[in-house]
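1. Okay, here's the prediction I keep looking at, along with the sequence it came from:
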Amino acid sequence: MAEFIKAGKCDLVDACFTDPLGTWHHCTFAPSQVTEEDIIEGLAFDGSSIRLFKGIEESDMVMIPDPATCFIDPFYDHKVLHVTCSVHEPFKKEGFSRCPRSIAKRSVEYLKSTGIADTCWVGPEAEFFIFDSVKYSVAPNKVMFEVDGQDGPWNTGKDAVGHEGKANLAHRVNYKQAYFPVPPIDSHFNLRSDMLLTMGDIGVPIEKHHHEVAACQSELGLTCSDLVSTADLLQCYKYVIKNVAKKHGKSVTFMPKPMYGDNGTGMHVHQSLWKEGKSLFFDKDGKYVKLSETCMHYMGGLLKHAPAILAFTNPTTNSYKRLVPGFEAPVNLVYSKGNRSAAIRVPMYKPENPKAKRIEFRCPDPTSCPYIAFAVMLMAGIDGIKNKISPGEPCDFDIYELSKEEREKKGIKSCPGSLLEVLDALEKDHDFLLEGGVFTKDFIKNYIDLKRKEHYAVALIPHPKEYELYYAC
């Protein structure tokens, strides 16, 4: 990396790191300031200005660049070399206890130390919405939001559509019916193609793109990789999608539920454990769709700790407006082959192929910090394997058709219904995260405190629906 910079192959160096809430931060350096010594010892910044990092009395921190993450940023006017960094305290070799990338690294190191596996493969499917216009306001006398998108079914009666006021040419489908349509109904094909190819240009291993079930909703695919690398790539994924959309005069959001009455946005996370080049989730004699006991116990850990896991994988008040019945949301804490209402789905593509054997945890959404979300799921899975936690019986049927009594008889539990509930669950159930020093009690406590403030910030605001229900009382 230093030789590349020294050879004058870039004008500037953009060093990026992720905070515990998943936000990317960057500082741009002149090439002369990024020497071999700087790469080893780190680039200085003020940690007290980053949420959940440091107090002002101990604010000095450094970014340690990872040369394997470099690419030329396609969105700047100059030739800028991007590099992803881990965060350290000065003069300390180990990563900062609250640095998400360092947490992810420690989770993988802990996995290796157990002897269970040497690699955790992760493949996220992060959906998103594309809008032409986004307006919102929160004031003492006014609370509102309004989004608009060219393919929204609500536009069928308008004379003109979009921020440019173009003529209404129809070609729309109804709510919950927009999965895989071709143009002209799929009006975002060229935009998504630009997004996907731009990702490929910077080195992200691309796979596919398509329209999703909801109006204005899309998804791009990237191939699976090891846990830390996938989190790096997912940050690039979100960065590219937002900036390509802006270039096209559009706005993208990864909010789980930006609109009422249509499907929400999830981030289904495929995962598997490997050791010495072999899948640990496949067993040709496995009693259930050739899953190994290791895989069954991994699922048991995910399901047992799911309420606490969701505090990190579904970290917003908006997350729980998605996790409700009727919108393909995985609200049931069970596992199944092919059942998309289950928290864990076992994909049935190539069921005889050991390399394809994996499980898909469907609860998470893309507002989560990927490093922390992946690490939390891995830690729960390891706990399940170590303690041989059973995931129970599979639910290969339509769970929505069951009565409340039948659900209770079968012991089917649902996802918690609010951010406050999962924070309470995390407060009671987090010992599995402390194993191997992956997380610290101090970080978890401060995270819970911050997120509870978010809950009350939303809960205290009068809602427009309350006016409809109660104003005339």
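-> Ah, there it is.

2. Following element in sequence after the lengthiest strand in the chain, please.
-> The residue-count maximum for a strand in the chain (DSSP state E) belongs to strand 119-131. Going down the chain from strand 119-131, the next helix or strand is strand 133-139, by DSSP states H and E.

3. Mind listing the strands that next one pairs with, and their directions?
-> Strand 133-139 has the following strand partners under DSSP bridges: strand 142-148 (antiparallel).

4. Give me the buried positions along the strand it pairs with.
-> Neighbour counts over strand 142-148 (16 or more other C-beta atoms under 10 Å) mark V147, D148 as buried. C-beta coordinates here come from the backbone N, C-alpha and C atoms, glycine included.

5. For the stretch 101-250 of the chain, which segments count as helices?
-> With DSSP state H, counting those that start in this stretch, the ranges of helices along the stretch 101-250 of the chain come out as 189-201, 227-247.

6. would a markdown table of those with mean neighbour count and distance to G42 be doable?
-> As requested, the helices of the stretch 101-250 of the chain are exported to a markdown table (neighbours: other C-beta atoms under 10 Å; distance: least, C-beta to C-beta, whole Å):
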| stretch | mean neighbour count | distance to G42 |
| --- | --- | --- |
| helix 189-201 | 18 | 28 |
| helix 227-247 | 21 | 18 |
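
7. between those helices, which gets nearest to D431?
-> Closest of the helices of the stretch 101-250 of the chain to D431 is helix 227-247, at 21.3 Å (criterion: C-beta to C-beta).

8. Which strands and helices lie in contact with that closest one?
-> Judged by 3 or more C-beta pairs under 8 Å, 6 or more residues apart in numbering; DSSP states H and E, helix 227-247 is in contact with strand 24-29, helix 100-114, strand 119-131, helix 189-201, strand 217-222, strand 251-253, helix 370-386.

9. quick one, which of these is nearest to Y179?
-> Closest approach to Y179 among the helices and strands packed on helix 227-247 is made by strand 217-222 (9.2 Å; C-beta to C-beta).

10. So which elements touch the closest one?
-> Contacts defined by 3+ C-beta pairs under 8 Å, 6+ apart place strand 217-222 against strand 119-131, helix 189-201, strand 206-211, helix 227-247.

11. any chance of the helices of the stretch 101-250 of the chain in a markdown table, plus mean pLDDT and distance to S86?
-> Below are the helices of the stretch 101-250 of the chain laid out as a markdown table (pLDDT from 0 to 100; distance: least, C-beta to C-beta, whole Å):
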| stretch | mean pLDDT | distance to S86 |
| --- | --- | --- |
| helix 189-201 | 97 | 22 |
| helix 227-247 | 98 | 9 |
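
12. Any chance of JSON lines for those, columns distance to I309?
-> Converted to JSON lines, the helices of the stretch 101-250 of the chain look like this (distance: least, C-beta to C-beta, whole Å):
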{"stretch": "helix 189-201", "distance to I309": "28"}
{"stretch": "helix 227-247", "distance to I309": "15"}
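
13. For the stretch 201-350 of the chain, which residues score under the pLDDT cut-off?
-> Residues of the stretch 201-350 of the chain that meet the criterion pLDDT under 70 lie in 326-328.

14. just how off-centre is whichever strand or helix holds V83 within its chain?
-> Following DSSP H and E, one finds V83 within strand 80-88. Mean-position distance between strand 80-88 and its chain equals 20 Å (C-alpha atoms, centre = their mean, to the nearest Å).

15. Use 42 as the first number for this chain going forward.
-> All right, first residue 42 from here; so that's strand 121-129.

16. Strand partners (parallel or antiparallel) of that strand?
-> Take DSSP bridges as the rule and strand 121-129 pairs in its sheet with strand 53-59 (parallel), strand 101-106 (antiparallel), strand 112-113 (antiparallel).

17. Quick one: closest of the ones you listed to K427.
-> Taking C-beta to C-beta, strand 53-59 is the member of the strands paired with strand 121-129 nearest to K427, at 28.5 Å.

18. gap between the closest residue to I91 other than its chain neighbours and H66?
-> If the residues on either side of it in the chain are set aside, I91 comes closest to D60, at 5.1 Å by C-beta to C-beta, 6 or more residues apart in numbering. Here the criterion is C-beta to C-beta, to the nearest Å. By it, D60 lies 6 Å from H66.

19. Okay then, goodbye and thanks.
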